[in-house]
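> Build me a structure from this.
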Amino acid sequence: MTSWNDAYSGEQSFMRVGTADGPQGVDIAVIGIPYDLGTTGRPGARFGPRAVRELSLAVGEFEWGVFPWDHDVRDRHVVRDLGDVTGFTAYPDRLCPAVEARAKEVLDTGASLLSIGGDHFVSLPLLRAHAEKHGPMALIHFDAHSDTWVDEDLNHGTMFYHAIKEGIIDPARSVQVGLRTPNPETHGILILDADHCLRTPAADVAKAIRERVGDHAAYLTFDIDFLDPAYAPATGTPVSGGPNTAYARHVLQGLAGMNIKGADQVEVAPHYEGPGQITAVAGATIAADQLYLLGLAREL
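Now for the predicted structure:
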């Protein structure tokens with residue numbers, strides 16, 4: 001019999017939560033979205049879901065939970081990995097309908113959804129599905145880039161501009177954290193840039209996010225390039241000068257109890273990885289923290 005903590009063998013569902021064909025009877029569903037045709041730089045994030053799942057076996061190997069959380073989210077909630085959304089390979093026009101349909105299938109059952117990308121464009125169809133159920137969302141966005149470039153093209157640098165245009169996120173309730181690239185237009189979103197983060201304790205950044213969002217229904221998206229490339233080199237558009245993984249986790253843990261309805265972790269591109277798979281480890285750990293936040297939100 002395979003022991004619980006064999007992180008190098010056995011089924012590769014996220015954190016070994018087990019798989020399911022559909023969301024019926026599930027509290028929190030996990031899906032992968034292996035897509036990278038929205039990249040404007042280096043491709044490869046289509047392999048992100050597989051890499052994050054693999055390293056999540058080590059992140060979630062202990063049956064009492066993930067450090068430093070005081071419980072195991074898998075004890076409190078039925079969590080299942082529903083596999084990847086497929087059917088759009090090499091056809092970007094098929095991506096949004098496929099992802100929206102899968103997300104709606106999950107949300108219609110009352111389950112929460114954690115998605116693993118894929119490039120960051122996948123957040124747009126996910127936001128559409130969440131907004132259809134919950135109304136315009138407060139966006140909590142961790143990233144080196146704003147992804148709000150004013151452009152009618154659909155790619156991983158424009159999707160939140162389109163989300164604002166479509167009215168599916170509320171800029172007055174939204175916050176972007178860690179930005180460190182040119183950002184000529186904030187669109188009314190609160191910006192806590194990388195320099196602010198580096199001189200501000202994580203607890204204070206979390207407090208600012210909580211004050212901005214309040215109890216509004218929120219969507220949490222985490223681009224792995226929020227982290228400095230020293231901690232996450234394997235991504236399409238790395239930018240120096242960002243926070244480390246521990247800081248990111250401390251901010252996320254400070255969001256416990258917020259009304260977070262959905263989350264995604266995106267932009268791990270594992271074939272740029274050096275020895276040690278450090279980006280996939282970071283992505284899997286951040287995704288685990290997001291899973292905890294979704295579980296705690298269900299207990300409000």
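
> which one is residue 161 nearest to, not counting chain neighbours?
residue 148 (4.5 Å; CB to CB, 6 or more residues apart in numbering). The way it works is simple: take the backbone N, C-alpha and C, and place the C-beta from them, glycine included.

> Test my guess that that neighbour contacts residue 187.
Yes. With contact defined as CB atoms under 8 Å, residue 148 reaches residue 187; the gap is 5.5 Å.

> what residues do the two have in common as contacts?
Common neighbours of residue 148 and residue 187 are listed as 161, 164 (criterion: CB atoms under 8 Å, 6 or more residues apart in numbering).

> Helices of the stretch 101-250 of the chain, start to end?
123-134, 159-166, 194-198, 202-213, 245-253 (DSSP state H, counting those that start in this stretch).

> Can you check which of those helices gets nearest to residue 75?
helix 245-253 (18.4 Å; CB to CB).

> what's the angle from that closest one to helix 202-213?
For helix 245-253 against helix 202-213, the angle by axes from the mean of the first three to the mean of the last three CA atoms, to 10 degrees is 40 degrees.

> what are the ranges of the strands in the stretch 1-150 of the chain?
For the stretch 1-150 of the chain, the strands defined by DSSP state E, counting those that start in this stretch cover 28-33, 79-84, 112-117, 138-142.

> Turn those into CSV, including distance to residue 265.
As requested, those are exported to CSV (distance: least, CB to CB, whole Å):
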stretch, distance to residue 265
strand 28-33, 10
strand 79-84, 14
strand 112-117, 6
strand 138-142, 9
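
> got TSV for those strands, with mean neighbour count too?
Shown next, in TSV, are those (neighbours: other CB atoms under 10 Å):
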stretch	mean neighbour count
strand 28-33	27
strand 79-84	22
strand 112-117	27
strand 138-142	26
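
> which one of residue 148 and residue 187 has more residues nearby?
Neighbours were counted for residue 148 and for residue 187 using other CB atoms under 10 Å; residue 148 has more, 24 against 17.

> what's the residue nearest to residue 293 when sequence neighbours are not counted in contact with, if anything?
Nearest non-adjacent residue to residue 293, counting by CB to CB, 6+ apart: residue 260, 5.1 Å away. For residue 260, the contact set (CB under 8 Å, 6+ apart) comprises 140, 218-220, 293-294, 297.

> how does it look with 10 Å?
112, 137-138, 140, 213, 217-220, 290, 293-298, 300 (CB atoms under 10 Å, 6 or more residues apart in numbering).

> quick one, phi psi at it?
The phi and psi values for residue 260, taken as degrees, to the nearest 10, are phi -90, psi 120.

> in stretch 154-173, what counts as buried?
Neighbour counts using 16 or more other CB atoms under 10 Å place 154-164, 168-171, 173 of stretch 154-173 among the buried residues.

> And the furthest pair within those?
Within the buried residues of stretch 154-173, 155 and 173 form the most distant pair, 24.9 Å apart (CB to CB).

> Local confidence estimate at the nearest residue to residue 218 once chain neighbours are set aside?
Leaving aside its sequence neighbours, residue 218 sits nearest to residue 138 (CB to CB, 6+ apart; 4.2 Å). Per-residue pLDDT puts residue 138 at 98.

> so who does residue 138 touch?
169-175, 209, 212-220, 258-261.

> Now do it against residue 215, distance only.
Residue 138 is 10 Å from residue 215, where distance means CB to CB, to the nearest Å.

> Ok, residue 87 next?
Taking CB to CB, one finds residue 87 at 37 Å from residue 215.

> and what of residue 280?
In terms of CB to CB, residue 280 sits 34 Å off from residue 215.

> For these two, work out which one has more neighbours and name it.
residue 280 (27 against 11).

> Now do the helix or strand containing the more buried one: which elements does it pack against?
Applying DSSP states H and E as the criterion places residue 280 in helix 278-298. Where contact means 3 or more CB pairs under 10 Å, 6 or more residues apart in numbering; DSSP states H and E, helix 278-298 is packed against strand 28-33, helix 48-59, helix 73-76, strand 79-84, strand 112-117, strand 218-223, helix 245-253, strand 260-266.

> chain center to the first one, what's the gap?
Read that as strand 28-33. Counting by CA atoms, centre = their mean, to the nearest Å, strand 28-33 is centred 10 Å from the centre of its parent chain.

> just to revisit the earlier point, buried only: go through the contacts of residue 260 for me.
Here, 16+ other CB under 10 Å leaves 112, 137-138, 140, 213, 217-220, 290, 293-298 buried among the contacts of residue 260.
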